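Q: need a 3D model of the following:
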Amino acid sequence: MLIDRSREKLINAIVFFATNVKHCGKTKLFKLLYFLDFQHFKEIGRSITGLSYYAWQNGPVPVKLNEELETPQPDLIQAVKIEDIPMPEDKMPMTFFTPKVEFYKGCFSKRELKIMTTLVDKYKNSKAEEMIDATHLATEPWHQVYEVQGRKLAPIPYELVISPEQRDVMKEIITEREEMLANYSDSRNHTSR
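A: Next comes the predicted model:
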């Protein structure tokens, strides 16, 4: 039986970023997760967290995670403190994340850990506004969906992170992986009968 560790990786990625970057608010966290997933997809053809991102005005947003923050699941509550901090004047409160548990690196590959560490090195001291600017670059998938295609609030396809020349090769790799997983699953079902 194959085990999907996406949720475990998501929770631990949140713990990792909350532990290692300054100003770990919701906007910055969402951008770090976006860069993590899209960079990994670019290299391997699949995301780490299993999140889907949507083209909102301030950049890519993992909508399901954003909605979950209203009523967090027990595993997320156990891992991080989620705190809304009031802002001056009429500004909306800011949501910040503080780790409650130690980061568990055992669920990540060396490649995944390297991408995470590189993102921390690059954005450790960045504020949310700088992160928004980074996701709005013309080379980013968000820009393609939101600005070029004009599809506001639409899903951002992972494939946009891959150059057109690489797409056919990556599609073959993804198809082969899916076939291998299906065959493995089928063979396990036949042997257990």
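
Q: show me the contacts for residue 152.
A: By Cβ atoms under 8 Å, 6 or more residues apart in numbering, the contact list for residue 152 reads 55-57, 146. Where you see a C-beta, it was placed from the backbone N, CA and C, and this is true even at glycine.

Q: closest one to residue 80 out of those, please.
A: Taking Cβ to Cβ as the measure, residue 80 lies nearest residue 56 of the contacts of residue 152, at 22.2 Å.

Q: for the closest one, grab phi and psi.
A: phi -90, psi 170 (degrees, to the nearest 10).

Q: wait, it touches residue 151, no?
A: No - with contact defined as Cβ atoms under 8 Å, residue 56 and residue 151 do not form a contacting pair (11.4 Å).

Q: with neighbour numbers in mind, choose between the two.
A: In terms of neighbours (other Cβ atoms under 10 Å), residue 56 is the more surrounded of residue 56 and residue 151; the figures are 17 against 14.

Q: avg pLDDT for the regular element (helix or strand) spanning residue 33?
A: Per DSSP states H and E, residue 33 falls inside helix 26-44. Averaged across helix 26-44, the pLDDT comes to 96.

Q: which of the contacts of residue 152 count as buried?
A: 55-56, 146 (16 or more other Cβ atoms under 10 Å).

Q: pop out the phi and psi values for the residue nearest to residue 11 when sequence neighbours are not counted.
A: Nearest non-adjacent residue to residue 11, counting by Cβ to Cβ, 6 or more residues apart in numbering: residue 79, 4.9 Å away. Note on residue 79: backbone dihedrals following degrees, to the nearest 10 are phi -90, psi -40.

Q: please apply the same query to residue 94.
A: Note on residue 94: backbone dihedrals following degrees, to the nearest 10 are phi -100, psi 140.

Q: check residue 167 too.
A: Per-residue torsions, residue 167: phi -60, psi -40 (degrees, to the nearest 10).

Q: lowest-scoring secondary structure element of the chain by mean pLDDT?
A: helix 164-191 (a mean of 75; mean pLDDT, DSSP states H and E).

Q: helix 26-44 and that helix, what's the angle between them?
A: Helix 164-191 and helix 26-44 are oriented at 80 degrees to each other (axes from the mean of the first three to the mean of the last three Cα atoms, to 10 degrees).
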